[in-house]
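In: any chance you could fold what I've pasted below:
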Amino acid sequence: MVCIADTGFLVALRGKPAERKWAQGEFERHGAPFYTCEAALAEAAHFVDSRLLSRLIEEGDIVLRFSLREQHARVHQLLVKYPGIMDVTDACIVRLSEMFPDCLVFTVDRTDFNIYRRLGDQSIPLNLPPAA
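Out: Sure thing, here's the model as predicted:
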């Protein structure tokens, strides 16, 4: 199974205590690598030390497995399908889940990722922190 890290998961690794406990536990339980996209890293860098993200990449814990240039047509379709809800990062994560059907998406974004569908009408397999 492929583990896909959304922005919220990356931020949670150093976030609030409850989310940090969940994220670090899941990171240890599932093990590296976690796939993600550059857009998620750029968003996460606004909230956590970029050196942490760089170290995770350098150590192979986070792997960039997405090219927006190669996947732009499908990303655009997703953005058109979910206007005003989906941003580019979410579209990239949904597309990653389509590219790796046997996956689990790690996110804190319960609301939007429960709405999004991949491959037409399939729900996205999610790993979310416990509801508060």
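In: and Arg29, backbone torsions?
Out: phi -70, psi -40 (degrees, to the nearest 10).
In: where along this structure do the helices fall?
Out: With helices called from DSSP state H, the chain shows them at 7-12, 17-30, 38-44, 50-58, 68-81, 88-99, 110-115.
In: Arg74 - how many residues pack around it?
Out: A count of nearby residues for Arg74, using other CB atoms under 10 Å, gives 15. Yep, even glycine has a C-beta here, placed from its N, CA and C like the rest.
In: hang on, isn't it packed against Arg95?
Out: Yes - assessed by CB atoms under 8 Å, Arg74 is found in contact with Arg95 at 5.3 Å.
In: low-confidence ranges, this structure, go.
Out: Per-residue confidence for the chain (pLDDT under 70) gives these ranges: 132.
In: one step back: so for Met1, which of the helices of the chain sits nearest?
Out: The minimum distance between Met1 and these falls on helix 17-30, with 8.1 Å, by CB to CB.
In: could you tell me the angle between that closest one and helix 50-58?
Out: 10 degrees (axes from the mean of the first three to the mean of the last three CA atoms, to 10 degrees).
In: distance of Thr36 from Gln77?
Out: Per CB to CB, to the nearest Å, Thr36 is found 21 Å from Gln77.
In: okay, these two: which has more neighbours?
Out: Ranked by neighbour count (other CB under 10 Å), Thr36 and Gln77 place Thr36 first, with 29 against 12.
In: check contacts around that one.
Out: When the contact criterion is CB atoms under 8 Å, 6 or more residues apart in numbering, the partners of Thr36 are 4-6, 10, 62-66, 93, 96.
In: buried ones among those residues?
Out: Burial by neighbour count, 16 or more other CB atoms under 10 Å: within the contacts of Thr36 this picks out 4-6, 10, 62-63, 66, 93, 96.
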